[in-house]
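S.K.: predicted model follows, preceded by the sequence.
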Amino acid sequence: MERIKREKLFVLLMKLSLAIFLLLTFSLFTSIFFKGISFLSFEMVFSKPSRGFYMGGGGGIFPSIIGSLVLASSSTAIAFLLSLPLSIFISLYSRSTFSNFVRNFVDLLWGIPSIVYGIFGFFIMIYLGLKASLLAGIITLSFVVFPLILRSLDELFQNVPFSLKEASLSLGLSKFQMAVKVFLKAIAPGMLSAILISFGRAIGDSASILFTAGFSDNFPISLFSPTSSLPLVVFYLYSSPDEEVSGRAYAASLILIAIAVFISIISRRIGKRIYGK
């Protein structure tokens, strides 16, 4: 009887948690939607901002959308190229003690706030005499998403069936051949999902690029020129006391949410193909 009461209590707590989560999520999306939909227009999405855009003038945020996509895609690509060989090494080549040390260290990096990475990048820029630029923002943002994509790839490698590893070694494959010809093919769908999740994390981050990428109303045409991003646009627009300008912040948030939801849907579809659910 006591066990049944305890189970009913846990079921009640789970339902309560689900209801609170759905309520908060619904409130967040509906609030942003109804506050921003009236300010969303074709001009705002597909045009450059005028000089007085952040004070109520005309124009749009198209350069910031492009800047966010360039920052997120480039940083995710760099983080992936760095994390893939490291994940292969700690999964197939190194001893378990060293692998566990690397995993714990990566988990520590994962828990560091992105603003700390931004300050570190800013310090390196000052030390090297560099200015805020697209390149500095990409490098800093790469450090932010690197732990996420590395741990995702590591988990995928660990979930590869041990029998597949035994079969590969019994056929005379070296560890490198096994990693490239067998393991990478086995984790390919999950690897793509990890890349998309990291991209979604990168495109929504603002703290790490606040000091490094700078801000500009122009398109990112050079690695050494400053660029803007959607999260920073939301911050600057919402900081204005003008109701028209702050309303545009909600419209920009809608665009950012739409991109994040699109990435999430793609990731879930890939996940369903992996697990068959």
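M.R.: Here it is on my side, so go on. Quick caveat: nothing in here was measured; it's all calculated off a predicted structure.
S.K.: after the lowest-mean-pLDDT helix or strand in the chain, next one along is what?
M.R.: Ranking every helix and strand in the chain by mean pLDDT, DSSP states H and E puts helix 162-170 at the bottom, with a mean of 74. Remark: after helix 162-170, the chain's next helix or strand is helix 175-177, criterion DSSP states H and E.
S.K.: and that next one, which residues are buried?
M.R.: Lys175 (16 or more other Cβ atoms under 10 Å). Yep, even glycine has a C-beta here, placed from its N, CA and C like the rest.
S.K.: go on, stretch 39-56?
M.R.: Phe39, Leu40, Met44, Ser47, Pro49, Phe53, Tyr54.
S.K.: and the two most separated of those?
M.R.: Farthest apart among the buried residues of stretch 39-56 by Cβ to Cβ are Leu40 and Tyr54. That separation is 16.9 Å.
S.K.: helix or strand next in line after the helix or strand where Leu22 lies, which one?
M.R.: Taking DSSP H and E as the definition, one finds Leu22 inside helix 2-36. Using DSSP H and E, the helix or strand that follows helix 2-36 towards the C-terminus is helix 42-46.
S.K.: how about residues contacting that next one?
M.R.: Gly58, Gly59, Gly60, Ile61, Phe62, Ile65, Arg248, Ala251, Ile255 (Cβ atoms under 8 Å, 6 or more residues apart in numbering).
S.K.: tell me which of those residues is nearest to Glu7?
M.R.: Ile255 (44.7 Å).
S.K.: if I look at the residue nearest the centre of the chain, how far off is Ile149?
M.R.: Ranked by distance to the mean C-alpha position of the chain (Cα atoms, centre = their mean), the top residue is Arg201 at 1.4 Å. From Arg201 across to Ile149, the span is 9 Å (Cβ to Cβ, to the nearest Å).
S.K.: ok, now Glu43?
M.R.: From Glu43 over to Ile149 (counting by Cβ to Cβ), the distance is 36 Å.
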